[in-house]
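>>> heads up, no residue letters with this:
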């Protein structure tokens, strides 16, 4: 006697692709890339930095301050002004010791740059650098 359709379907082995291992590998790769990604802090403003023949690259763990041509002192997209440099630097140095880099526009006066450097030193900075562009 000929088996019914239901009996024939039950007898055929099920052919399916198991996606669980593929999903596991994708999640492991995603976690790997998230963990190994380096996030670079920016000041949030564009300054025209001067060119220096002795420019060097520093590590990513630093305090980055910017001075705009109009005289604003910026940290992490916020205008902190000269008066806010000391408190900002001291609070950041309490968490972790790191160098301070000042990105000053080439039109900024030396007086303003020195005032920002003094405030950073008074805030506890042991190393202060001025951000420049490498000469080519």
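On my side now, so go ahead. Nothing here was measured: the structure is a model prediction, and the numbers come from that model. Residues are numbered from 1 along each chain as shown.
>>> quick one: the closest residue to residue 86 other than its chain neighbours from residue 8, how far?
Nearest residue to residue 86, sequence neighbours excluded (C-beta to C-beta, 6 or more residues apart in numbering): residue 123, at 4.1 Å. C-beta here means a position set from N, CA and C on the backbone, and glycine is covered the same way. Going from residue 123 to residue 8 by C-beta to C-beta, to the nearest Å gives 81 Å.
>>> which of those two has more neighbours?
Here residue 123 and residue 8 are compared on neighbour count by other C-beta atoms under 10 Å; more neighbours surround residue 123, at 19 against 10.
>>> against residue 77, how distant is that one?
Taking C-beta to C-beta, one finds residue 123 at 20 Å from residue 77.
>>> what's the answer for residue 102, then?
From residue 102 to residue 77 the distance is 16 Å (C-beta to C-beta).
>>> now do residue 134
Distance from residue 134 to residue 77, by C-beta to C-beta: 25 Å.
>>> please enumerate the strands of this structure.
Applying DSSP state E to the chain gives strands spanning 51-52, 63-67, 73-75, 78-79, 100-104, 128-130, 133-134.
>>> domain map for this structure?
5-36, 51-134 (automatic domain parsing).
>>> which stretch in the ones you listed is the model least sure about?
Looking over the domains of the chain, mean pLDDT reaches its minimum on domain 5-36, with a mean of 81.
>>> what distance separates the start and the end of that domain?
55 Å (C-alpha to C-alpha, to the nearest Å).
>>> quick one: contacts of stretch 85-92?
63, 65, 73, 75, 80, 98, 100, 116, 119-120, 122-125 (C-beta atoms under 8 Å, 6 or more residues apart in numbering).
>>> buried sites along that stretch?
For stretch 85-92, the neighbour count (16 or more other C-beta atoms under 10 Å) marks 85-86, 88-89, 92 as buried.
>>> for it, what is the distance to the chain centroid?
Centre-to-centre, stretch 85-92 and its host chain are 19 Å apart (C-alpha atoms, centre = their mean, to the nearest Å).
>>> contacts for the helix of greatest length in the chain, please.
Ordering each helix of the chain by length in residues (DSSP state H) puts helix 20-36 first. Identification of contacts with helix 20-36 by C-beta under 8 Å, 6+ apart yields no residue at all.
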